[in-house]
Structures are given as C-alpha cells and as structure tokens.
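Peer 1: I would like the atomic coordinates for the input below:
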Amino acid sequence: YNGSSPYRVPATFALIPYAEFGLGAWYAKGGIYRIPEALARLAGELGVELRTDARVEKIVVENRRAVGVRLAGGEVLRADAVVANSDAVETYRSLLDEEERKSFSNRKIERTEPSSSGFVLLLGAKKRFPQLAHHNIFFSDDYPAEFDAM
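Peer 2: Residues are numbered from 1 along each chain as shown. As a prediction, this is how the structure comes out:
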C-alpha cells in the first residue's frame, strides 16, 4: 500500500488510518491527470519552460549543487533547481556520479532494499456495485507469504 512491508515498518502503517479517517481521502476532479496539467499550466504562467520527450543522461552538479541536466543528445539545460520524479535509487545510480553523492555511495545503494508498489484504480462506472464501498483495499489471501516472497 505504501511500498513497505507492514511486518518491518508497522508504525508507518499506523499512520494510514489516521490520514484516511482524520484528514480524508481526496480526489482530483476530472481525474489524477488534471494535477500535472494544472502544474504545467501554472509553470507556463510563471515563465517556466517544460520539455517533454527529452531523455536526461546526467544531473549536472557544480560545487555540490545540482545546477541542471545533460540530455542524451549532449545539450545541457541549466536550472535554478532540479527535481527528479524517478525512482530514487535509479536516480542516484544512473544520473549522479558517486563522488557527487557523498551520503549515497555505490555500496550503500546496492544494499538498499527496493520497495513494492500498490496497484491503484480510480474508476468511474455507471453500474452500482453494492458489494463494494467507495474506497476499497484488497489484500492477498496470504499476506505474510506475499511479503516473504518479495
């Protein structure tokens, strides 16, 4: 559900009911893709240039600070900030040289246990399903074995 085994991080899982029942579950009107659309629109209004379909080869670091990215074709795009929305371990491994990430050595990265992910659907249906609630979570029939296998 959050990428971790509940047998290894039970306190993290204790926060989920509080977040859901105390804060509520929120959905983007029109679907989740409305969020990046709104961010792109706002970025454009603020003068930010967005490039899509541009493969990043490296994060450019100067004086221990990310200052841009180098694209696969060799072009360097300088920036005030670099935000990576990719897997953290893969970002460190592939986009930053080891000397640029002092606290995340290659050895530490190789010892990092990856997490799993949940499969989430937000569906709009005309049919009613009385056996389902508005917000449903389905777990394996053998939850301990599922996490043991991972």
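Peer 1: pLDDT wise, what is the residue nearest the centre of the chain at?
Peer 2: In the chain, the residue lying closest to the centroid (CA atoms, centre = their mean) is residue 85, at 5.9 Å. Residue 85 is assigned 85 on the pLDDT scale.
Peer 1: same question, residue 13
Peer 2: With respect to pLDDT, residue 13 scores 82.
Peer 1: what about it, which helix or strand?
Peer 2: According to DSSP states H and E, residue 13 maps onto helix 10-17.
Peer 1: identify the residues contacting the next helix or strand after that helix?
Peer 2: Using DSSP H and E, the helix or strand that directly follows helix 10-17 along the chain is helix 34-45. The contact list for helix 34-45 (CB atoms under 8 Å, 6 or more residues apart in numbering) reads 28, 50. Using the backbone N, CA and C atoms, a C-beta is placed for each residue, glycine as well.
Peer 1: pull out the buried residues from the helix or strand that comes right after helix 34-45.
Peer 2: For helix 34-45, the following helix or strand on the C-terminal side (DSSP H and E) is strand 56-62. For strand 56-62, a neighbour-count test (16 or more other CB atoms under 10 Å) marks 56, 58, 59, 60, 61 as buried.
Peer 1: show me what contacts residue 146?
Peer 2: residue 140.
Peer 1: any idea whether it is helix, strand or coil?
Peer 2: With DSSP: H, G, I helix; E, B strand; the rest coil as the basis, residue 146 sits in helix.
Peer 1: could you measure from the residue nearest to the centre of the chain over to residue 137?
Peer 2: 25 Å (CB to CB, to the nearest Å).
Peer 1: likewise for residue 33?
Peer 2: Plainly put, residue 33 is 23 Å away from residue 137 if you go by CB to CB.
Peer 1: try residue 51
Peer 2: Note on residue 51: its distance to residue 137, by CB to CB, is 37 Å.
Peer 1: hmm, back to that, now the residue nearest to the centre of the chain: phi and psi?
Peer 2: Phi and psi for residue 85, reported as degrees, to the nearest 10, are phi -110, psi 30.
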